[in-house]
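Enquirer: Got a predicted structure plus its sequence, pasted below:
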Amino acid sequence: MGLTPAQKARKHGGAASAPPRATHLHDARPGQLRPEPTRSSSALVVGVAMTVAALLWLYVNAWILPRFGADAAGELALPEWMPLGFDQDHARGLSAALGEEGRAQYEGIHRTSGLLAPLLVGLAWLLFVAVNTTTRARRWLRSTVVLGFAVVSLTASTAFDAALAAPDDAAAVTTASVLAVARWVLLALLLVLTARVAVEALRRREPGEDPHRG
């Protein structure tokens, strides 16, 4: 007569003879199995958002504004391309070169693609920081840089229009000049932040790497 299952279990040690149970994703402990579909999806969304935002920003600042400046202002640089700021003489000369029609076109750029570009950059980079920064304090600090760049860029566009509309207003020109410098400083900080966060994200993907290091 054959042995019953219970007798077989007592004879062979019970669980020792049982086949190993397959480990499912929902049963996995941290470090045993780490499914990555959510992280991969987030990385894809962030990558697409950043690419679209960066291309739009470059389109406005490296294509539309330079072409407009070359056609309407001649050799005078637009405020966006003056990282050291500008004075009243430059504002007067640029205002005269643009004329009323040119200033209206300049304002139109600031109200359309020039408005959308920094907004998209701000949203995309905030998402990038949120997904790839592990500590709350660091996330807030980095988000401040991103928000600062977006806010200063938008405020600077309005200040540039005001300075060219009233180049004899020393306060308006000074405000626009300061914002032009601040915009470049924040752009440099944003590029450094992007490189730093990207390096940290790559390190976290390496086996055995401490995600809180750095």
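Expert: Okay, I see it.

Enquirer: who's in contact with the residue nearest the centre of the chain?
Expert: When C-alpha atoms, centre = their mean is applied to the chain, the residue found nearest the centroid is residue 125 (2.0 Å). Going by C-beta atoms under 8 Å, 6 or more residues apart in numbering, residue 125 touches 50, 53, 146, 149, 190, 193, 194. For every residue, glycine as well, the C-beta is placed using N, CA and C.

Enquirer: In TSV, list the residues you listed along with distance to residue 72.
Expert: Formatted as TSV, these follow (distance: C-beta to C-beta, whole Å):
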residue	distance to residue 72
50	31
53	27
146	32
149	27
190	29
193	34
194	33
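
Enquirer: Need the max-distance pair from these.
Expert: The most widely separated members of the contacts of residue 125, counting by C-beta to C-beta, are 53 and 193 (14.5 Å).

Enquirer: buried set for the lengthiest helix in the chain?
Expert: The longest helix of the chain (DSSP state H) is helix 170-204. The neighbour-count check on helix 170-204 (16 or more other C-beta atoms under 10 Å) flags 172-177, 179-184, 186-187, 189-190, 193-194, 197, 200-201, 204 as buried.

Enquirer: Just name whatever secondary elements that helix is in contact with.
Expert: Where contact means 3 or more C-beta pairs under 8 Å, 6 or more residues apart in numbering; DSSP states H and E, helix 170-204 is packed against helix 88-111, helix 113-132, helix 136-165.

Enquirer: Any idea which of those gets closest to residue 57?
Expert: helix 113-132 (4.4 Å).

Enquirer: With just CA atoms, put the closest one into CSV.
Expert: Extracted C-alpha coordinates of helix 113-132, given in CSV (Å, rounded to 0.1, in the frame of the first residue of the first chain):
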residue,chain,number,x,y,z
SER,A,113,6.0,81.5,-27.8
GLY,A,114,8.1,83.6,-25.4
LEU,A,115,5.5,83.1,-22.7
LEU,A,116,5.0,79.4,-23.4
ALA,A,117,8.6,78.4,-23.5
PRO,A,118,9.6,79.3,-19.9
LEU,A,119,6.4,77.9,-18.6
LEU,A,120,7.0,74.5,-20.2
VAL,A,121,10.6,74.5,-19.1
GLY,A,122,9.5,75.2,-15.5
LEU,A,123,6.9,72.4,-15.5
ALA,A,124,9.2,69.9,-17.2
TRP,A,125,12.1,70.6,-14.9
LEU,A,126,10.0,70.5,-11.8
LEU,A,127,8.8,67.0,-12.8
PHE,A,128,12.4,66.0,-13.5
VAL,A,129,13.5,67.2,-10.0
ALA,A,130,10.5,65.6,-8.3
VAL,A,131,11.1,62.2,-9.9
ASN,A,132,14.9,62.1,-9.5
